[in-house]
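**Student:** kindly return the folded structure for what I paste below:
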Amino acid sequence: MQAYPHLRVDVHCPDVTVTVEIRDFGAYIHADQLPGAGGMPVGTGGKAAVLISGGIDSPVAAYMMAKRGIRLTAIHFASPPYTSQRAELKVRQLLGEVAKYAGPIRFAIVPFTEMQEQIARQCPEDLTTLIMRRYMMKIASRLAKQQECEALITGESIGQVASQTMKALAVTEDAAELPVFRPLIGMDKQEIIQVSRKIGTFEISIQPFEDCCTVFTPKHPRTRPKLEAVRLAEQFENCDLLLEQAIAGTTFDKIYGQERGTAE
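**Tutor:** Here you go, the predicted model:
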């Protein structure tokens with residue numbers, strides 16, 4: 001203070017806090033602290049599979065479950081030619097950002113075109129989205145079990161779209177063979193966007209490359225479906241064969257940070 005008389009000490013709101021941690025063998029001296037993501041070490045909470053699209057919500061859901069110690073497998077449904085290679089690249093980029101927090105992510109790509117086409121042709125239009133999501137749950141459950149996962153993760157938020165009303169979510173979950181975790185269920189869109197900006201996925205998510213969830217969207221989707229009616233409607237011709245073909249045609253990769261890993 002004698003050398004720099006123009007300076008003043010403010011112990012209540014200091015510009016810099018210097019911490020000295022004294023141990024038996026010496027001392028550690030450090031200044032700024034950098035906040036981490038918090039939560040639990042990845043892997044301590046088991047393994048789960050996240051249904052990943054190119055939207056804003058599912059990468060945030062994946063990040064939030066990774067914070068709780070969940071090791072992730074990602075399952076993406078691709079429907080070429082209705083969805084492009086750019087859409088798959090977009091999902092890879094999103095997983096690359098999530099992998100900064102979650103570590104390497106096993107990435108499964110499910111060929112879903114023929115299943116979606118047959119649902120659109122043979123099922124009631126107002127139930128097509130629900131039936132599509134039920135088959136996603138069935139396929140994801142099978143693949144998750146193969147990867148020794150104990151649960152599914154989705155980016156659903158109550159009331160956000162027609163397929164995310166309470167009745168619609170119950171119909172969708174009925175098709176799952178594993179518990180379904182929905183970490184965003186009570187969040188509104190702005191809260192989800194805030195997290196997506198924090199983890200670096202927002203600008204990627206808003207790129208204009210559509211995923212399969214926007215293919216064959218009905219004009220008037222059912223918001224209060226009846227489970228038995230949906231179960232009956234989803235039993236169309238060759239549905240079991242198409243499900244098995246989708247599972248058999250699934251390819252696997254691994255995502256490390258923002259870089260693509262070697263195929264496995």
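
**Student:** so which residues of the stretch 51-200 of the chain form strands?
**Tutor:** Per DSSP state E, counting those that start in this stretch, the stretch 51-200 of the chain carries strands over the ranges 71-78, 105-111, 152-153, 180-181.

**Student:** now those as CSV including mean pLDDT and distance to Gly45?
**Tutor:** C-beta here means a position set from N, CA and C on the backbone, and glycine is covered the same way. Output for these, formatted as CSV (pLDDT from 0 to 100; distance: least, CB to CB, whole Å):
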stretch, mean pLDDT, distance to Gly45
strand 71-78, 96, 8
strand 105-111, 96, 15
strand 152-153, 98, 12
strand 180-181, 97, 11
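
**Student:** so which of those gets nearest Glu125?
**Tutor:** strand 71-78 (19.8 Å; CB to CB).

**Student:** okay, the residue nearest the centre of the chain and Thr83: tell me how far apart.
**Tutor:** Nearest to the mean C-alpha position of the chain, by CA atoms, centre = their mean, lies Ser58 at 3.0 Å. Note on Ser58: its distance to Thr83, by CB to CB, to the nearest Å, is 15 Å.

**Student:** what helix or strand is Pro218 located in?
**Tutor:** Assigned by DSSP states H and E, Pro218 falls within no helix or strand.

**Student:** so where is the protein shaky, pLDDT-wise?
**Tutor:** 258-264 (pLDDT under 70).

**Student:** quick one, helices of the stretch 151-264 of the chain?
**Tutor:** 166-173, 189-199, 202-205, 227-233, 239-248 (DSSP state H, counting those that start in this stretch).

**Student:** distance between the first one and the chain's centre?
**Tutor:** Relative to the centre of its chain, helix 166-173 is centred 18 Å away, using CA atoms, centre = their mean, to the nearest Å.

**Student:** residues in contact with it?
**Tutor:** 130, 133-134, 137, 156, 158, 162-163, 180, 182, 222-225, 227, 230 (CB atoms under 8 Å, 6 or more residues apart in numbering).

**Student:** what number of residues lie near Arg224?
**Tutor:** 10 (other CB atoms under 10 Å).

**Student:** residues touching it, list them.
**Tutor:** Arg224 neighbours (CB under 8 Å, 6+ apart): Thr165, Lys167, Ala168.

**Student:** turn those into CSV, including neighbour count.
**Tutor:** Shown next, in CSV, are the contacts of Arg224 (neighbours: other CB atoms under 10 Å):
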residue, neighbour count
Thr165, 18
Lys167, 14
Ala168, 23
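
**Student:** check contacts around the closest residue to Pro80 other than its chain neighbours.
**Tutor:** Leaving aside its chain neighbours, Pro80 sits nearest to Thr113 (6.2 Å; criterion: CB to CB, 6 or more residues apart in numbering). Residues counted as contacts of Thr113 (CB under 8 Å, 6+ apart) are Ala78, Ser79, Pro80, Pro81, Tyr82.

**Student:** what's the distance between the nearest residue to Gly155 once chain neighbours are set aside and Pro225?
**Tutor:** Excluding the flanking residues, the one nearest Gly155 by CB to CB, 6+ apart is Asp57, at 3.1 Å. Asp57 is 21 Å from Pro225, where distance means CB to CB.
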